[in-house]
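K.L.:
Would you be able to build a 3D model of this:
(chains A and B)
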Number of protein chains: 2
Amino acid sequence: MTVTDIARRTYDHGWRLDPIVRSLLDTDFYKLLMLQMIWRLHRDVSATFTLINRTKSVRLAEVIDEAALRDQLDHARSLRFTNKELIWLAGNSFYGKARMFEPDFIAWLADFRLPDYDLRVMDGQFELHFEGHWTHTTMWEIPALAIVNELRSRALLRGRGRFELDILYARAKAKLWDKVERLRALPDLVLSDFGTRRRHGFLWQRWCVEALKEGLGDRFIGSSNVLIAMDADLEAIGTNAHELPMVLAALAEDDAGVAAAPYRVLEEWQANYDGNLLIALPDAFGTQSFLAHAPEWLADWTGFRPDSMPPIEAGEQIIAWWQAHGRDPRTKRLIFSDGMDVDEIERVYHHFHGRVRMSFGWGTNLTNDFRGCDPRGASLDPISIVAKVTSANGRPAVKLSDNPEKATGDPAEIERYLRIFGGKGRSAQAVEV
Amino acid sequence: MTVTDIARRTYDHGWRLDPIVRSLLDTDFYKLLMLQMIWRLHRDVSATFTLINRTKSVRLAEVIDEAALRDQLDHARSLRFTNKELIWLAGNSFYGKARMFEPDFIAWLADFRLPDYDLRVMDGQFELHFEGHWTHTTMWEIPALAIVNELRSRALLRGRGRFELDILYARAKAKLWDKVERLRALPDLVLSDFGTRRRHGFLWQRWCVEALKEGLGDRFIGSSNVLIAMDADLEAIGTNAHELPMVLAALAEDDAGVAAAPYRVLEEWQANYDGNLLIALPDAFGTQSFLAHAPEWLADWTGFRPDSMPPIEAGEQIIAWWQAHGRDPRTKRLIFSDGMDVDEIERVYHHFHGRVRMSFGWGTNLTNDFRGCDPRGASLDPISIVAKVTSANGRPAVKLSDNPEKATGDPAEIERYLRIFGGKGRSAQAVEV
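P.N.:
Sure thing, here's the model as predicted:
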């Protein structure tokens, strides 16, 4: 007997939208940690975030329909934190700590909604800006990226037959599981999912997380995605991002203030958080300069997350810095999360094994690796797309990075920052994801 | 909103059996062609069929629960041809010919049911015999094999998690599709599914057929499985099997009658069928002997299906025979169906391309290739299991084959047949599937 759920079928006929982002918790955990600090200390700052597609060869506005993008952004703006979500944020322990989020902040979140957006098409690309209070615009970063990436996946796969898609996903699953089996060979691996922003799609990210949970057991420590962490009873993973030093540097009155901004961020951070959240991101304006001028007390922090220098080089510089400050690197932690894939994870793991504690944040190559999976042979390679803060209170924001390919901001302002921070140790690397 | 079909869930809770064979058409087409001839010419002959597991290392009765096997066999015995099935058999064209099955035969099928079985366990193996009229016992071959093979698959995968199974099937799908992509490179390929008997499971066979249809287009000419051919609107493929010469030889009164049996079968066959059904199976008692004594008129047949000699060797012997009889092999057809997989298909295809028309019947390595697919690393290698006629009217039936590993029958009787047919050109090959 053939059974069809007629109500379901009829409902499906009436679909207007298959929403990509369906919850405000479908974001990275570090956004919430940063948000609470911004809400506490910088509530009146305005910040503009801008979507930047670094893969210029992909003309996104020719792939994705502008109206479909607006529909998805509008749908995200209609979302509110639900009661269940707020209760979970208030009641759950994060990094072993209860009451990470204070009651007033939770109460403030209850009224939160994503602010308006400004979308135009220019030369085959979307110009997408989010203007307003930093407390609001910051929350667009992840949903905007997830929406654009998933709309691109959908566009590339539009019109495919049911069977082709079956093959595509079978291959992608087999491919990921082969990676998982390789990672299993690393007994002390500590790995988490960092793949929300550039995922193929939400359901695929959820499947990838299930795969890591099934395949790596305790070695898989959690997901950066708060919704997935909540639903799957995993740890929500994450600390902070470049936007903090970028905004504080932009707000600085003079060059000295710019130079001091990266360390002021750390002071603010450790006044808000402690323990395993004391992870410094050293590369906003160049790692070498950052370490050279870093205060002694930073050596007491848990570790660093190098994010744009080749990982072994960055790790060696940081280890040397700890040793110069009389600390034993074996008690410290390095978190590697810049475009990692299995080859690189294995290489870095073996290089540093026994010398320092390591964690890996596995992003795009976890949740969006469909290379070679399409039965038609089309390229589903992920693109390198980011949403960066571009100004704060009307002043231009800059990121230098260790990799000039990842620098953002006005060229004249970049020159100024290079004068302030020196630019030593930066070197160009191809950015793939 | 989570939607669960509560009626479905409640029904599922009450499941007693997940039947493996759900239709009498879930069999190979050649069984129906042979059945009509047996029904016309040998209605009173008794024949015993016996299940033989050539892979002795797999102790089937320790893998499969006897009660579960009985439940499945009993369920198959409860089946009748449905009206729709009989109408389709009567109304469909097979091999371009309408009314392949005569009305009286269709009327006879309407009352058909599978006869009783005799099941015992001996030394870790099942002893499974089907005794009775040849018109009935012959129909057990395919369902019995399909049931045992699928029960084994189920037993091997019992207790696996949902996720492990997802990986297993993803890998198997990716593996099959890689094979399909290789086969696509053969422009004149003619291939059909012969995988019913040793399939992993019915649903998997159906998926494999879909894959071939999707991937090979016109180069995929159909399925031996009648039910799948009907449902998917494909050609039902098949001609005849060893049981015909085996039974006629067993019934022969003397050695001369045994020696003549293979050719008498061909006379009977061409009195019943014509055109593309005129495919001779030369190896029941050795191909070399068969060709040496074959009548001149056999050179007018469409082709041969070598089934136990290495395919290139068999093809060369047959081509030489056609040439010796003044026929152009380029107008003739060879059907290769003995344990084929992609490597062998490619090799044979390239060897004979342009010299003879070829078709490939792809069986076990199509519908039951899970080698290397299990995330736990367990062996899901198919086993070599057959159901052979072992006696007719109480006399022992024998198959010599070109490969002594595939010979069946009483050893003394095998010796007698070897004296009659000579046994030249036989050579042992490992039997994998």
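K.L.:
ok, the residue lying closest to A:Asp338 once chain neighbours are set aside - contacts?
P.N.:
By the measure of C-beta to C-beta, 6 or more residues apart in numbering or on different chains, the closest residue to A:Asp338 outside its immediate chain neighbours is A:Asp307, 4.9 Å from it. C-betas here are computed from N, CA, C, even on glycine. Neighbour list for A:Asp307: A:His242, A:Leu281, A:Asp283, A:Ser337, A:Asp338, A:Ser401 [criterion: C-beta atoms under 8 Å, 6 or more residues apart in numbering or on different chains].
K.L.:
give me the number of residues near the nearest residue to the second one once chain neighbours are set aside?
P.N.:
Excluding the flanking residues, the one nearest A:Leu281 by C-beta to C-beta, 6+ apart is A:Arg305, at 5.2 Å. The local packing count at A:Arg305 equals 23, with neighbours defined by other C-beta atoms under 10 Å in any protein chain shown.
K.L.:
Then A:Glu181?
P.N.:
By the measure other C-beta under 10 Å, the count of residues near A:Glu181 is 14.
K.L.:
pLDDT at it, what is it?
P.N.:
pLDDT, the model's per-residue confidence, is 97 for A:Glu181.
K.L.:
before we move on, back to that, check the spacing between the residue nearest to A:Leu281 and A:Asp233 real quick.
P.N.:
With the distance defined as C-beta to C-beta, to the nearest Å, A:Arg305 ends up 25 Å from A:Asp233.
K.L.:
same question, A:Gly303
P.N.:
From A:Gly303 across to A:Asp233, the span is 26 Å (C-beta to C-beta).
K.L.:
quick one: A:Asp28 and chain B, what's the gap?
P.N.:
Counting by C-beta to the nearest C-beta, to the nearest Å, the gap from A:Asp28 to chain B is 25 Å.
K.L.:
before we move on, the earlier item: for the contacts of A:Asp307, work out which two are farthest apart.
P.N.:
Maximum pairwise distance among these (C-beta to C-beta): 13.9 Å, between A:Ser337 and A:Ser401.
K.L.:
Neighbour count: the two, which is higher?
P.N.:
It is A:Ser401, of A:Ser337 and A:Ser401, that has more neighbours when counted by other C-beta under 10 Å, with 23 against 20.
K.L.:
Look at that one and give its secondary structure.
P.N.:
Classification of A:Ser401 into helix, strand or coil gives coil, according to DSSP: H, G, I helix; E, B strand; the rest coil.
K.L.:
re earlier: of all the contacts of A:Asp307, which comes closest to chain B?
P.N.:
Compare each of the contacts of A:Asp307 with chain B using C-beta to the nearest C-beta and the shortest gap goes to A:Ser337, at 25.3 Å.
K.L.:
For A:Arg197, see how far away the residue lying closest to the closest one once chain neighbours are set aside is.
P.N.:
Distances taken as C-beta to C-beta, 6+ apart place A:Gly361 nearest to A:Ser337, at 3.1 Å, with adjacent residues excluded. Noted for A:Gly361: a distance of 11 Å to A:Arg197, by C-beta to C-beta.
K.L.:
Which one's more surrounded, those two?
P.N.:
Between A:Gly361 and A:Arg197, A:Arg197 has the larger neighbour count (other C-beta under 10 Å), namely 24 against 20.
K.L.:
what about the helices in the stretch 301-433 of chain A?
P.N.:
Chain-ordered helices for the stretch 301-433 of chain A, with DSSP state H, counting those that start in this stretch as the definition, fall at A:311-324, A:342-352, A:364-367, A:411-421.
K.L.:
highest average neighbour count across those?
P.N.:
helix A:364-367 (a mean of 25; mean count of other C-beta atoms under 10 Å in any protein chain shown).
K.L.:
and that one, anywhere near chain B?
P.N.:
No. Helix A:364-367 lies out of reach of chain B by C-beta under 8 Å from any C-beta of the partner chain, never closer than 15.7 Å.
K.L.:
how about the residues of the stretch 301-433 of chain A that lie near chain B?
P.N.:
Residues of the stretch 301-433 of chain A lying near chain B (C-beta under 8 Å from any C-beta): A:Pro375.
K.L.:
Bridged to the residue nearest to A:Ser337, which residues?
P.N.:
Partner residues in beta bridges with A:Gly361, using DSSP bridges, are A:Ser192.
K.L.:
Now do the contacts for it.
P.N.:
The contact partners of A:Gly361, by C-beta under 8 Å, 6+ apart, come to A:Leu191, A:Ser192, A:Asp193, A:Phe194, A:Ser224, A:Ile237, A:Arg305, A:Ile335, A:Phe336, A:Ser337, A:Met340.
K.L.:
Same check on A:Ala260?
P.N.:
Going by C-beta under 8 Å, 6+ apart, A:Ala260 touches A:Ala252.
K.L.:
If you count contacts, what does the helix or strand of chain A with the lowest mean pLDDT end up packed against?
P.N.:
When the helices and strands of chain A are compared on mean pLDDT, DSSP states H and E, helix A:6-13 comes out lowest with a mean of 82. Of the remaining helices and strands, none touches helix A:6-13 by 3 or more C-beta pairs under 8 Å, 6 or more residues apart in numbering or on different chains; DSSP states H and E.
K.L.:
Name the SS class of A:His129, please.
P.N.:
Of the three states, A:His129 takes strand according to three-state DSSP.
K.L.:
what about it, neighbour count?
P.N.:
19.
K.L.:
What residues of the lengthiest helix in chain A count as buried?
P.N.:
Criterion DSSP state H: the longest helix present in chain A is helix A:162-183. By neighbour count, and taking 16 or more other C-beta atoms under 10 Å in any protein chain shown as the criterion, the buried residues in helix A:162-183 are A:163-164, A:166-177, A:179-180, A:183.
K.L.:
Could you do stretch A:183-190 as well?
P.N.:
Quick answer for stretch A:183-190 (16+ other C-beta under 10 Å): A:Leu183, A:Leu186, A:Leu189, A:Val190.
K.L.:
now these in JSON lines, with distance to A:Thr10 and secondary structure?
P.N.:
Shown next, in JSON lines, are the buried residues of stretch A:183-190 (distance: C-beta to C-beta, whole Å; DSSP: H, G, I helix; E, B strand; the rest coil):
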{"residue": "A:Leu183", "distance to A:Thr10": "45", "secondary structure": "helix"}
{"residue": "A:Leu186", "distance to A:Thr10": "50", "secondary structure": "coil"}
{"residue": "A:Leu189", "distance to A:Thr10": "48", "secondary structure": "coil"}
{"residue": "A:Val190", "distance to A:Thr10": "48", "secondary structure": "coil"}
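K.L.:
Among those, which one sits closest to B:His133?
P.N.:
Ranking the buried residues of stretch A:183-190 by separation from B:His133, with C-beta to C-beta as the measure, puts A:Leu183 on top at 60.2 Å.
K.L.:
how much space between the residue nearest to A:Ser379 when sequence neighbours are not counted and chain B?
P.N.:
Once flanking residues are discounted, A:Ser379 sits nearest to A:Arg371: 7.9 Å by C-beta to C-beta, 6+ apart. Using C-beta to the nearest C-beta, A:Arg371 is found at 14 Å from chain B.
K.L.:
what residues are up against A:Arg371?
P.N.:
Contacts were defined as C-beta under 8 Å, 6+ apart; by that measure A:Arg371 touches A:Ser379, A:Leu380, A:Asp381.
K.L.:
Roughly how far does it sit from A:Pro396?
P.N.:
As for A:Arg371, its distance to A:Pro396 is 36 Å (criterion: C-beta to C-beta).
K.L.:
likewise A:Val389?
P.N.:
10 Å.
K.L.:
So those two - more neighbours on which side?
P.N.:
Between A:Val389 and A:Pro396, A:Val389 has the larger neighbour count (other C-beta under 10 Å), namely 26 against 17.
K.L.:
Going by proximity to chain B, name the top residue of the stretch 1-150 of chain A.
P.N.:
Shortest the stretch 1-150 of chain A-to-chain B distance, computed as C-beta to the nearest C-beta: residue-wise this is A:Asp5, at 5.6 Å.
K.L.:
does that residue really touch B:Thr4, like I thought?
P.N.:
No. A:Asp5 is beyond contact range of B:Thr4, at 9.8 Å (criterion: C-beta atoms under 8 Å).
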